[in-house]
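Trainee: return a 3D structure for these sequence lines:
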Amino acid sequence: MLNELSTIICEYVEVEPETITEHSRFIEDLGFNSYDFMSMVGELEDRYDIEVNERDVIHVKTVGDAITYIKSLQEQ
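Mentor: All right, here's what the predicted structure looks like:
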């Protein structure tokens, strides 16, 4: 899932996909602003057929957090 998520991230911010790790922080390391982050969340909802709770998404700080959160929603 990291490779697929890295590709999506690169659609929103200018980073090289190979530099993205599970420890990469969306704002501090990858340069997301809140608008880009929420736009990406919408795309992730469509792509993975999930519904993100806005109260939960504020706790998603790293790419690894996002992967864990997406997988938990897919298991429901």
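Trainee: find the residue at the geometric middle of this structure.
Mentor: Ala66 (4.9 Å; CA atoms, centre = their mean).
Trainee: that residue: what's it in contact with?
Mentor: 5, 26, 44, 60 (CB atoms under 8 Å, 6 or more residues apart in numbering). Heads up, the C-betas are built off the backbone N, CA and C, glycines and all.
Trainee: repeat the analysis, applying 7 Å as the threshold.
Mentor: For Ala66, the contacting residues are 5, 60, by CB atoms under 7 Å, 6 or more residues apart in numbering.
Trainee: hey, which helix is longest across the protein?
Mentor: Longest helix in the chain, counting residues (DSSP state H): helix 34-48.
Trainee: which elements pack onto that one?
Mentor: Contact here means 3 or more CB pairs under 7 Å, 6 or more residues apart in numbering; DSSP states H and E; on that basis helix 34-48 packs against helix 2-9, helix 63-74.
Trainee: nearest to Asp49, of those?
Mentor: Comparison of the helices and strands packed on helix 34-48 against Asp49 by CB to CB identifies helix 63-74 as nearest, at 8.0 Å.
Trainee: so which bits of the closest one are buried?
Mentor: Under the neighbour-count criterion of 16 or more other CB atoms under 10 Å, helix 63-74 has 63-67, 69-70, 73 buried.
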